[in-house]
Structure formats: structure tokens, C-alpha cells
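Trainee: how would this look folded up:
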Amino acid sequence: MKKLAVLLFISVLILSGCGASANLISKAGEKLEAGKYEEAEAIYSEVTETGRYVSEGYRGMGICQINQGMYADACISFEKALLYADAQSAEYTRDVELYLAYCRQHHGEDDKALEIYNGIVARDASPDVLYLRGKLYMDLGNTEAASEDFDRAASLSEDYDLFINIYEVYASHDKKADGSSFLERALQIVSDSEKDYYNKGLVHYYLQNYEESKTNLISALDEDPSDSASILLLGRVYLSMGLTADARAMFNEHIINGSNAAAAYNGLAMCDMEEDNYESALNNINAGLELNDAEADRGLMYNRIIVYEHLKDWSSAKAQATAFVQKYPTDEAGIRENEFLSTR
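Mentor: Numbering: from 1, shown residues only. Next comes the predicted model:
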């Protein structure tokens, strides 16, 4: 599902001019995009020693460290990036501050993250920052402050992704009713789009308008049969409609056609889980993981944790949760599951 593009964890700076520092940053950016975070971090470290683009080098190091779950180190890197940010634009400084706030939160320093957000909002109360601060307030249990930020963000934006994200925050805190008005606003905006069938389907799914959701998701797959997000969401729609057989048939078709087979195996596992057949779900998840589909692996690995939980195999669930957060250290759902399992 689409997320607000505030923290771009695979982000590459485009620098003017040439020279050793700029070439190193370009090389590091390529490694970063390829997911080779340790190699990229080492190159960015070289940049900081050249005397040019020092701030950008520390920023790059911080991004690599985030992707490795090294939040304490990332905090230090972003602080140094700000320290050396002399001639950079206000937009650049804001970007680094947002990264730093993110790291503070994940390092357990919510108060420091809130202080950073407050400073940014005082200068520029943009919808994305208000959303992030509102999300933090919600995590801290301050629903009233969160609501104020979300309402203010919504008043400044016509971006339906923002409204969907706000709803998802409410939903993750068991407050779907409080977030439903944002879904209605998202629906008004997305309905004006001739296409964008996936997001139409997503909003209708959340609103439990399953027939409308199904129609739009089928249109999305007519345009792109390999759209794994639409495949999985359509399966969820079928399951919500009690049409498990239809969901299975669709997923099996994608496996037979070789079109996003890994995502389809994940879908079959969802069907199995709906029927409390967790051994079969585990078999389908493992079959999907054997295909080494980077896009589908995250969902497969996450569902594997849930399956082991239902099987009461806590040691396997803990091991899989640990492996998951090591591979996807910024995945909040995975972090929550790992924290939950640490208490079992």
C-alpha cells in the first residue's frame, strides 16, 4: 500500500560539478539503490574525509544505517550532517531533520523526535510534517493532539495518499471509526481520477464497499496483470466477501501463468489462514520464498511470523521475527511483532 513519501530510504543526491567527492557520492548512491548498504556506507564515509560534500556524506551514511537498523549510529550521522550543513538549502536541512526525527523515534527517544517536529512545524507547517507529528502523538497516546495535526494536515492537502495514511494510523490504534472521515475525503478525490484503480479499490476496501473494490482491482489487473499489490488486495476483498474459493482460483491462476507467483503463494497462504489451516499456509509461504521475489518476500516473511504464532511455535516465531527486522528494520508492523514476541 502506498505510503507518504517523506522518508526516502533509497534516496540519491544529485550534485553539481564533478571531482572525487561527487564521483564517490554517485558511486555510493548506486550501491544504496542496489541495497548494498554496508558498501554504500563505507563510500559515504570516504566522502566525509575528502573535505567536500561532508554534510551529504554523513547524510548518506545515516540513510545506510537506517536500512541496517543502526538507529543510534544514524542519529549521530544526521547530527553531523546538520553540523556541516552550512550552505545547503532549507529543504535539504528539513530533509535531514526528518531523518533524524525518524531515528530518534526508533531509538526510543520520542521526546527528542517531537522537539524536532515542533521546530520544523514552527517554520513550515506542511501536511507531511503535520502527519508525521500526528502519528507520533498517536503512538504516545495523545489522541487529541494527533487529531489536531491530522485535521490541519488534511485542510492543507488534496493528496488522497495522505488521507489514506491518516486512516491507517487510526486503524492501527483500533480507532477506525475516528479515521473514517479521512477515507471519505480520499474517496472524493480518488473518484475524480479516471484510472488509479488500485487506490480506488483500496479506499472502497477500507469502507467495506467490496463490490466497488473488486471492480476497480480487476480493472487494475487488466492494465497490469503483474501488479502484486492489486493481486493481494483483490484476494483480501474476496476473503472479506466470503469467497475463499474465488480467491484461491485467482491466486492459482497467477501461479500457473507465472505472473507474480510468489505474491500468489502469499495469497494462498492468506486463504489457508482464513480457514485456520496453518500447516498448509506455511507450505505455501515456503514455496513463495523459494522463488526469491524481492518484492513479495516481505509479505511472505511477515505472514510466516503470524503462522508460527497461531501454531504456538513461539521459538520459531521469535526467530523469524528477528530475521524479519534484520532484513526490514524500518517495517513498523514487523517491529511491533518482534516486540510482542519478546514478551512470550
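
Trainee: Every contact and neighbour count from this point should use C-alpha atoms.
Mentor: Will do.

Trainee: Just the buried residues of the helix or strand that contains Phe150, please?
Mentor: According to DSSP states H and E, Phe150 maps onto helix 143-155. Applying a neighbour-count criterion of 16 or more other CA atoms under 10 Å, one finds 143, 145-147, 149-154 buried in helix 143-155.

Trainee: repeat for stretch 310-324
Mentor: Those would be 314, 316-318, 320-324, for stretch 310-324 by 16+ other CA under 10 Å.

Trainee: With respect to Val96, which of the residues you listed is nearest?
Mentor: Nearest to Val96 among the buried residues of stretch 310-324, counting by CA to CA, is Phe324 at 26.5 Å.

Trainee: From the chain's centre, how far out is the helix or strand that contains Asn165? Work that out for me.
Mentor: Assigned by DSSP H and E, Asn165 belongs to helix 160-172. How far helix 160-172 lies from its chain's middle: 12 Å, per CA atoms, centre = their mean, to the nearest Å.

Trainee: Tell me what angle that helix forms with helix 143-155.
Mentor: Counting by axes from the mean of the first three to the mean of the last three CA atoms, to 10 degrees, helix 160-172 points 160 degrees away from the direction of helix 143-155.

Trainee: Next, the buried residues of the helix or strand that comes right after helix 160-172.
Mentor: Downstream of helix 160-172, the first helix or strand assigned by DSSP H and E is helix 176-190. Neighbour counts using 16+ other CA under 10 Å place 176, 179-180, 182-187, 189-190 of helix 176-190 among the buried residues.

Trainee: which regions of the stretch 101-250 of the chain sit below the pLDDT cut-off?
Mentor: Low-confidence segments of the stretch 101-250 of the chain, defined by pLDDT under 70: 193-194.

Trainee: again, 90 this time
Mentor: In the predicted model of the stretch 101-250 of the chain, residues 124, 159-161, 172, 187-196, 199, 224-232, 250 satisfy pLDDT under 90.

Trainee: The helix holding Phe150 packs against which elements?
Mentor: In terms of contacts (3 or more CA pairs under 8 Å, 6 or more residues apart in numbering; DSSP states H and E), helix 143-155 is packed against helix 127-139, helix 160-172.

Trainee: centre of the chain versus it, how much separation?
Mentor: 21 Å.

Trainee: what's the answer for stretch 278-297, then?
Mentor: 20 Å.

Trainee: Give me the secondary structure label for Gly69.
Mentor: coil (DSSP: H, G, I helix; E, B strand; the rest coil).

Trainee: correct me, but it touches Pro329?
Mentor: Yes. Taking contacts as CA atoms under 8 Å, Gly69 lies within contact range of Pro329: 4.8 Å.

Trainee: what touches both of those two?
Mentor: Residues touching both Gly69 and Pro329 (CA atoms under 8 Å, 6 or more residues apart in numbering): none.

Trainee: What residues sit buried inside the helix holding Asn165?
Mentor: For helix 160-172, the neighbour count (16+ other CA under 10 Å) marks 160-171 as buried.

Trainee: Give me the distance between Val307 and Arg104.
Mentor: Computed as CA to CA, to the nearest Å, the Val307 to Arg104 distance reads 32 Å.

Trainee: Which one of the two is surrounded by more residues?
Mentor: Val307 (26 against 21; other CA atoms under 10 Å).

Trainee: Would you tell me what helix or strand the more buried one is located in?
Mentor: Val307 belongs to helix 294-310 when assigned by DSSP H and E.

Trainee: Brilliant, that's me finished.
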